[in-house]
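Colleague: need a 3D model of the following:
(one chain, ligands or ions: 1)
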Amino acid sequence: MNQDLSNVMSEQINKEYYSAFLYLAMSNWLDQAGFPGASQWTYAQYQEELAHAQNLFHYMNYRDEKIEFSLIEKPDSEWQSILDVFQSVLKHEQFVTASINNLATVALSNNDHAAYIFLQWYISEQIEEEASANDIITRLKLAGDNTNALLMIDDQLGTRTFTPPVVPGLPNQA
Ligand code: OFO
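Modeller: The predicted structure is shown next:
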(Lines give C-alpha, C1' and ligand atoms only; values in the text may rest on other atoms or scores of the structure.)
Protein backbone atom coordinates (compact mmCIF):
# COMPACT_ATOMS: atom_id res chain seq x y z
CA MET A 1 0.00 0.00 0.00
CA ASN A 2 1.19 3.49 -0.80
CA GLN A 3 2.53 5.27 2.34
CA ASP A 4 0.14 8.24 2.06
CA LEU A 5 -2.82 5.88 1.87
CA SER A 6 -1.49 3.80 4.75
CA ASN A 7 -1.15 6.97 6.87
CA VAL A 8 -4.70 8.17 6.24
CA MET A 9 -6.04 4.66 6.90
CA SER A 10 -4.26 4.70 10.29
CA GLU A 11 -5.68 8.16 10.99
CA GLN A 12 -9.16 6.91 10.12
CA ILE A 13 -8.87 4.10 12.69
CA ASN A 14 -8.13 6.79 15.29
CA LYS A 15 -11.10 8.88 14.10
CA GLU A 16 -13.44 5.88 14.37
CA TYR A 17 -12.30 5.24 17.95
CA TYR A 18 -12.79 8.96 18.68
CA SER A 19 -16.32 8.63 17.22
CA ALA A 20 -16.98 5.67 19.52
CA PHE A 21 -15.76 7.66 22.51
CA LEU A 22 -17.89 10.69 21.54
CA TYR A 23 -21.04 8.54 21.27
CA LEU A 24 -20.27 6.96 24.62
CA ALA A 25 -20.05 10.46 26.17
CA MET A 26 -23.37 11.37 24.51
CA SER A 27 -24.96 8.18 25.82
CA ASN A 28 -23.90 9.08 29.35
CA TRP A 29 -25.15 12.68 29.05
CA LEU A 30 -28.53 11.53 27.66
CA ASP A 31 -28.93 8.97 30.43
CA GLN A 32 -28.27 11.69 33.03
CA ALA A 33 -30.71 14.03 31.27
CA GLY A 34 -33.56 11.48 31.48
CA PHE A 35 -33.56 10.17 27.90
CA PRO A 36 -32.89 6.42 28.25
CA GLY A 37 -34.01 5.71 24.67
CA ALA A 38 -31.64 8.25 23.09
CA SER A 39 -28.95 6.98 25.46
CA GLN A 40 -29.54 3.45 24.09
CA TRP A 41 -29.45 4.79 20.50
CA THR A 42 -26.09 6.51 21.01
CA TYR A 43 -24.75 3.43 22.85
CA ALA A 44 -25.66 1.29 19.81
CA GLN A 45 -23.87 3.88 17.66
CA TYR A 46 -20.83 3.59 19.95
CA GLN A 47 -20.80 -0.16 19.26
CA GLU A 48 -21.12 0.51 15.54
CA GLU A 49 -18.16 2.93 15.58
CA LEU A 50 -16.06 0.28 17.32
CA ALA A 51 -16.94 -2.10 14.48
CA HIS A 52 -15.94 0.56 11.90
CA ALA A 53 -12.54 0.87 13.59
CA GLN A 54 -12.11 -2.88 14.00
CA ASN A 55 -12.91 -3.59 10.35
CA LEU A 56 -10.35 -0.99 9.21
CA PHE A 57 -7.87 -2.69 11.58
CA HIS A 58 -8.62 -6.10 10.02
CA TYR A 59 -8.26 -4.64 6.53
CA MET A 60 -4.84 -3.20 7.34
CA ASN A 61 -3.76 -6.57 8.75
CA TYR A 62 -5.16 -8.31 5.66
CA ARG A 63 -3.01 -5.99 3.48
CA ASP A 64 -0.02 -6.59 5.74
CA GLU A 65 0.20 -2.90 6.64
CA LYS A 66 1.68 -1.37 9.77
CA ILE A 67 -0.82 0.81 11.68
CA GLU A 68 0.33 4.03 13.33
CA PHE A 69 -1.55 4.32 16.61
CA SER A 70 -1.94 7.71 18.28
CA LEU A 71 -3.72 9.41 21.16
CA ILE A 72 -7.51 9.50 21.00
CA GLU A 73 -8.78 13.04 21.55
CA LYS A 74 -10.98 13.87 24.56
CA PRO A 75 -14.63 14.01 23.43
CA ASP A 76 -17.12 16.78 24.32
CA SER A 77 -19.19 15.85 27.34
CA GLU A 78 -21.70 18.71 27.72
CA TRP A 79 -24.73 19.56 25.60
CA GLN A 80 -27.65 21.97 26.07
CA SER A 81 -30.49 19.64 25.06
CA ILE A 82 -31.29 16.37 23.29
CA LEU A 83 -31.60 18.42 20.06
CA ASP A 84 -28.13 19.86 20.68
CA VAL A 85 -26.76 16.29 21.01
CA PHE A 86 -28.18 15.20 17.66
CA GLN A 87 -27.02 18.41 15.97
CA SER A 88 -23.54 17.49 17.22
CA VAL A 89 -24.06 13.97 15.82
CA LEU A 90 -24.83 15.41 12.37
CA LYS A 91 -21.88 17.81 12.46
CA HIS A 92 -19.55 15.00 13.50
CA GLU A 93 -20.83 12.62 10.82
CA GLN A 94 -20.36 15.32 8.16
CA PHE A 95 -16.74 15.60 9.33
CA VAL A 96 -16.33 11.80 9.07
CA THR A 97 -17.94 11.75 5.61
CA ALA A 98 -15.35 14.28 4.39
CA SER A 99 -12.60 12.16 5.91
CA ILE A 100 -13.84 8.93 4.24
CA ASN A 101 -14.23 10.73 0.91
CA ASN A 102 -10.64 11.91 1.22
CA LEU A 103 -9.53 8.31 1.92
CA ALA A 104 -11.28 7.14 -1.25
CA THR A 105 -9.63 9.97 -3.23
CA VAL A 106 -6.17 9.02 -1.92
CA ALA A 107 -6.86 5.33 -2.77
CA LEU A 108 -7.90 6.21 -6.33
CA SER A 109 -5.08 8.66 -6.92
CA ASN A 110 -2.66 5.88 -5.97
CA ASN A 111 -4.40 3.37 -8.24
CA ASP A 112 -5.28 1.23 -5.21
CA HIS A 113 -8.56 -0.07 -6.59
CA ALA A 114 -8.75 -2.82 -3.96
CA ALA A 115 -8.73 -0.23 -1.15
CA TYR A 116 -11.17 1.92 -3.14
CA ILE A 117 -13.60 -1.00 -3.40
CA PHE A 118 -13.20 -1.76 0.32
CA LEU A 119 -13.99 1.89 1.13
CA GLN A 120 -17.26 1.82 -0.84
CA TRP A 121 -19.01 0.28 2.17
CA TYR A 122 -17.85 3.18 4.35
CA ILE A 123 -18.98 5.75 1.78
CA SER A 124 -22.51 4.27 1.69
CA GLU A 125 -22.54 3.94 5.46
CA GLN A 126 -21.89 7.68 5.83
CA ILE A 127 -24.98 8.50 3.75
CA GLU A 128 -27.02 6.40 6.18
CA GLU A 129 -25.39 8.00 9.24
CA GLU A 130 -26.15 11.54 8.05
CA ALA A 131 -29.68 10.60 6.95
CA SER A 132 -30.61 9.12 10.31
CA ALA A 133 -29.18 12.12 12.23
CA ASN A 134 -31.13 14.48 9.95
CA ASP A 135 -34.31 12.50 10.46
CA ILE A 136 -33.98 12.60 14.27
CA ILE A 137 -33.21 16.35 14.21
CA THR A 138 -36.36 16.99 12.14
CA ARG A 139 -38.51 15.04 14.61
CA LEU A 140 -36.94 16.77 17.63
CA LYS A 141 -37.54 20.21 16.07
CA LEU A 142 -41.20 19.30 15.45
CA ALA A 143 -41.53 18.21 19.09
CA GLY A 144 -40.01 21.49 20.33
CA ASP A 145 -40.60 21.84 24.09
CA ASN A 146 -43.51 19.39 24.16
CA THR A 147 -42.41 16.88 26.83
CA ASN A 148 -44.87 14.18 25.72
CA ALA A 149 -43.64 14.38 22.14
CA LEU A 150 -40.00 14.32 23.28
CA LEU A 151 -40.61 11.24 25.44
CA MET A 152 -42.35 9.51 22.54
CA ILE A 153 -39.32 10.16 20.30
CA ASP A 154 -37.09 8.91 23.11
CA ASP A 155 -39.10 5.66 23.28
CA GLN A 156 -38.70 5.20 19.52
CA LEU A 157 -34.96 5.80 19.69
CA GLY A 158 -34.72 3.16 22.43
CA THR A 159 -35.82 0.42 20.02
CA ARG A 160 -32.47 0.60 18.20
CA THR A 161 -30.20 -2.42 18.69
CA PHE A 162 -26.69 -3.07 17.42
CA THR A 163 -26.18 -5.55 14.60
CA PRO A 164 -22.53 -6.10 13.64
CA PRO A 165 -22.03 -4.75 10.11
CA VAL A 166 -20.68 -7.07 7.43
CA VAL A 167 -18.14 -5.37 5.16
CA PRO A 168 -17.79 -7.13 1.77
CA GLY A 169 -14.40 -8.59 0.92
CA LEU A 170 -13.07 -8.71 4.47
CA PRO A 171 -12.19 -12.12 5.94
CA ASN A 172 -12.09 -11.22 9.66
CA GLN A 173 -15.12 -9.14 10.55
CA ALA A 174 -15.39 -7.08 13.77
FE1 OFO B 1 -17.83 5.56 11.66
O2 OFO B 1 -19.28 6.48 11.06
FE3 OFO B 1 -19.94 7.57 12.38
O4 OFO B 1 -18.47 8.46 12.83
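Colleague: for the helix or strand containing Val8, packing partners?
Modeller: In the assignment (DSSP states H and E), Val8 maps to helix 3-32. Contacts defined by 3 or more CB pairs under 8 Å, 6 or more residues apart in numbering; DSSP states H and E place helix 3-32 against helix 36-62, helix 82-109. (Each C-beta comes from the backbone N, C-alpha and C, glycine too.)
Colleague: between it and helix 36-62, what angle do the directions make?
Modeller: Orientation note: helix 3-32 sits at an angle of 160 degrees relative to helix 36-62 (axes from the mean of the first three to the mean of the last three CA atoms, to 10 degrees).
Colleague: give me the number of residues near Leu103?
Modeller: 23 (other CB atoms under 10 Å).
Colleague: and what of Arg139?
Modeller: By the measure other CB under 10 Å, the count of residues near Arg139 is 17.
Colleague: begin at 45 from now on, thanks
Modeller: That works, and once the first residue is 45, the last one we named lands at Arg183.
Colleague: circling back: now do the buried residues in the helix holding Val52.
Modeller: Residues of helix 47-76 classed as buried: 49-50, 52-54, 56-71, 73-74 (neighbour count, 16 or more other CB atoms under 10 Å).
Colleague: so which of those residues also contact the ligand?
Modeller: Filtering the buried residues of helix 47-76 for proximity to the ligand by CB under 6 Å from any ligand atom leaves 60, 63.
Colleague: on that earlier part again, out of the helices and strands packed on helix 47-76, which is closest to Lys185?
Modeller: helix 126-153 (6.8 Å; CB to CB).
Colleague: ok, is the helix or strand following that closest one in contact with the ligand or not?
Modeller: Downstream of helix 126-153, the next assigned helix or strand under DSSP H and E is helix 157-187. Yes - judged by CB under 6 Å from any ligand atom, helix 157-187 and the ligand are in contact via Glu173.
Colleague: helix 157-187 - contacts with which helices or strands?
Modeller: Applying 3+ CB pairs under 8 Å, 6+ apart, one finds that helix 157-187 contacts helix 80-106, helix 126-153, helix 191-201.
Colleague: switch the cut-off to 7 Å
Modeller: Contacts defined by 3 or more CB pairs under 7 Å, 6 or more residues apart in numbering; DSSP states H and E place helix 157-187 against helix 126-153, helix 191-201.
Colleague: Ala82 is nearest to which of the ones you listed?
Modeller: helix 191-201 (4.7 Å).
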